[in-house]
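[1] Pasted the sequence and its predicted model underneath.
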Amino acid sequence: MAASHKLASFRLPPLPTVGELIKLYNLRAEKQLSQNFLLDLKLTDKIVRQAGNLRGAHVCEVGPGPGGLTRSILNAGVADLLVVEKDSRFIPGLKLLSEAAPGKLRIVHGDILTYRMDRAFSGKISKQWDEDPPNLHIIGNLPFSVSTPLIIKWLEHVANKTGPFSYGRTQLTLTFQKEVAERLTASTGSRQRSRLSVMSQYLSTVHSCFTIPGRAFVPKPEVDVGVVHFTPLVQPQIQQPFKLVEKVVRNVFQFRRKHFYKGLEKLFPEASRVELTQEIIQRADIDPTLRSTQLTIPQFRALCDAYAHLCSQDSNLINYEYREELREINQERRKSKQLGRNKKTKTVA
């Protein structure tokens, strides 16, 4: 009881403000790294509250930068906070925070895209997948440039129960450009419905928390920012390998304004394209005149199951990529044009 009270009452000692730290270390947000600082501690506290009760929790913060969100996480009474920061300019300020919160803050100077989070925390905090989520959270004010590839990478980890999800159904509370946040949470039939909508929602419960106006950030981005919370599902809504699902969904969304089968066709080599597209649509029992944004997740499940069946009959299908075929065709055309020019040059000479 005394220990939990100690956690609850923890507060960082007086420190320079985040703004003062930025001046002290001459920190500037790098435009090419799409960095935007959030200095309002009321807003960082609000982001942290979306993660739930963090008293005694283990947390990984992604891209802490000057440490505004870091302070709010520490003040929430966490047992252990690991921050992963790629930019060396922010490390001295984070070390100052670490000294103010002895034994609570660990700093990793590295890239979250390659960092092995499955080794970052004790296995003692792990929960079985069908149990409640572990007391482990990932929180981050993500740079825009990494937010989409990072969430796709984490969704693949969810599907495979690896990385941060080797501990169980670890929850995520992350910021995205408002447009990306809307895609992640978009419902069937909405204009924002996209590949990201399907990939995130077939694997997790995705909740849009609130929007932060761009003016709250330094420097002010041209867009507002959405806070999104993810809880992995016990059972994914599509029971197929992640790469197969991603391939089907990516192809279906290739031509958003056309009937969905136009994108579906690109799953197959030209010689068998028409025949196999008809077969997959018949097997999935879906109206071919629907557009990709109108397809429900159960319909995507039917398409993925039908495609998996076709791949089991022809092992070459799963490795076929229309874009690679198109690239090879274009290379051949360029070679032919170059040969034609060379012949003309020789004839003139």
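    Looks like it arrived, so ask away. Residues are numbered from 1 along each chain as shown.

[2] Next, work out how far apart the residue most central in space within the chain and residue 111 are.
    Averaging the C-alpha coordinates of the chain gives a centre point, and the residue nearest to it by CA atoms, centre = their mean is residue 151 (0.8 Å). Here residue 151 is placed at a distance of 16 Å from residue 111 (CB to CB, to the nearest Å). (Each C-beta comes from the backbone N, C-alpha and C, glycine too.)

[3] And residue 310, by the same measure?
    Computed with CB to CB, the distance linking residue 310 and residue 111 is 38 Å.

[4] Would you mind listing the buried residues in stretch 65-76?
    65, 66, 67, 68, 69, 70, 71, 72, 73, 74, 75, 76 (16 or more other CB atoms under 10 Å).

[5] Next: stretch 122-131.
    Along stretch 122-131, these residues count as buried under the neighbour rule (16+ other CB under 10 Å): residue 125.

[6] Quote the end-to-end distance of that stretch.
    18 Å (CA to CA, to the nearest Å).

[7] what comes up buried for the helix or strand hosting residue 92?
    The secondary structure element spanning residue 92 is helix 91-100 (assigned by DSSP states H and E). Across helix 91-100, burial judged by 16+ other CB under 10 Å covers 91, 93, 94, 97, 98.

[8] May I ask which two of the residues you listed are separated the most?
    The largest distance within the buried residues of helix 91-100, taken as CB to CB, falls between 91 and 97 and amounts to 10.7 Å.

[9] What's the local residue count around the nearest residue to residue 258 once chain neighbours are set aside?
    Excluding the flanking residues, the one nearest residue 258 by CB to CB, 6 or more residues apart in numbering is residue 291, at 7.2 Å. Residues contacting residue 291 under the criterion other CB atoms under 10 Å number 18.

[10] Do a quick rundown of the helices in the stretch 1-150 of the chain.
    Secondary structure of the stretch 1-150 of the chain (DSSP state H, counting those that start in this stretch): helices located at 2-9, 18-24, 41-49, 68-75, 91-100, 144-160.

[11] Quick one: the ones you listed as a markdown table, columns for distance to residue 319 too.
    A markdown table is the format used below for these (distance: least, CB to CB, whole Å):
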| stretch | distance to residue 319 |
| --- | --- |
| helix 2-9 | 52 |
| helix 18-24 | 49 |
| helix 41-49 | 42 |
| helix 68-75 | 42 |
| helix 91-100 | 43 |
| helix 144-160 | 18 |
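
[12] Residue 173: helix or strand, and which one exactly?
    Secondary-structure assignment from DSSP H and E places residue 173 in strand 171-177.

[13] what comes up buried for the following helix or strand past that strand?
    Remark: after strand 171-177, the chain's next helix or strand is helix 178-185, criterion DSSP H and E. For helix 178-185, a neighbour-count test (16+ other CB under 10 Å) marks 178, 180, 181, 182, 183, 184, 185 as buried.

[14] Which one's more surrounded, residue 310 and residue 111?
    Residue environment comparison for residue 310 versus residue 111 gives the larger neighbour count to residue 310, 17 against 12, counting by other CB under 10 Å.

[15] how distant is whichever helix or strand the more buried one is part of from the center of its chain?
    When secondary structure is defined by DSSP H and E, residue 310 falls within helix 297-313. Helix 297-313 has its C-alpha centroid displaced from the chain centroid by 24 Å (CA atoms, centre = their mean, to the nearest Å).

[16] elements contacting that helix?
    With contacts defined as 3 or more CB pairs under 8 Å, 6 or more residues apart in numbering; DSSP states H and E, the packing partners of helix 297-313 are helix 195-201, helix 242-252, helix 273-284.

[17] Same list, those, but as a markdown table with distance to residue 189 and mean pLDDT please.
    Compiled in a markdown table, the helices and strands packed on helix 297-313 are given as follows (distance: least, CB to CB, whole Å; pLDDT from 0 to 100):
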| stretch | distance to residue 189 | mean pLDDT |
| --- | --- | --- |
| helix 195-201 | 11 | 98 |
| helix 242-252 | 15 | 98 |
| helix 273-284 | 18 | 97 |
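
[18] So which of those is the most surrounded?
    The densest packing among the helices and strands packed on helix 297-313, expressed as mean neighbour count by mean count of other CB atoms under 10 Å, is seen in helix 195-201 with a mean of 23.

[19] and residue 59, how many neighbours?
    For residue 59, the neighbour count with other CB under 10 Å is 25.

[20] OK, contacts around it?
    When contacts are counted by CB atoms under 8 Å, 6 or more residues apart in numbering, residue 59 touches 51, 73, 78, 80, 81, 82, 136, 137, 138, 139.

[21] and of these, the nearest to residue 264?
    Nearest to residue 264, judged by CB to CB, of the contacts of residue 59 is residue 138 at 34.0 Å.

[22] Domains of the chain: list them as residue ranges, please.
    According to automatic domain parsing, the chain is divided into the following domains: 2-232, 242-325.

[23] ranking the ones you listed by mean pLDDT, which is last?
    Comparing mean pLDDT across these, the weakest is domain 2-232, with a mean of 89.

[24] centre of the chain versus that domain, how much separation?
    In this view, domain 2-232 has its centroid 12 Å away from the chain centroid, taken as CA atoms, centre = their mean.

[25] residues contacting residue 313?
    For residue 313, no residue counts as a contact, taking CB under 8 Å, 6+ apart as the criterion.
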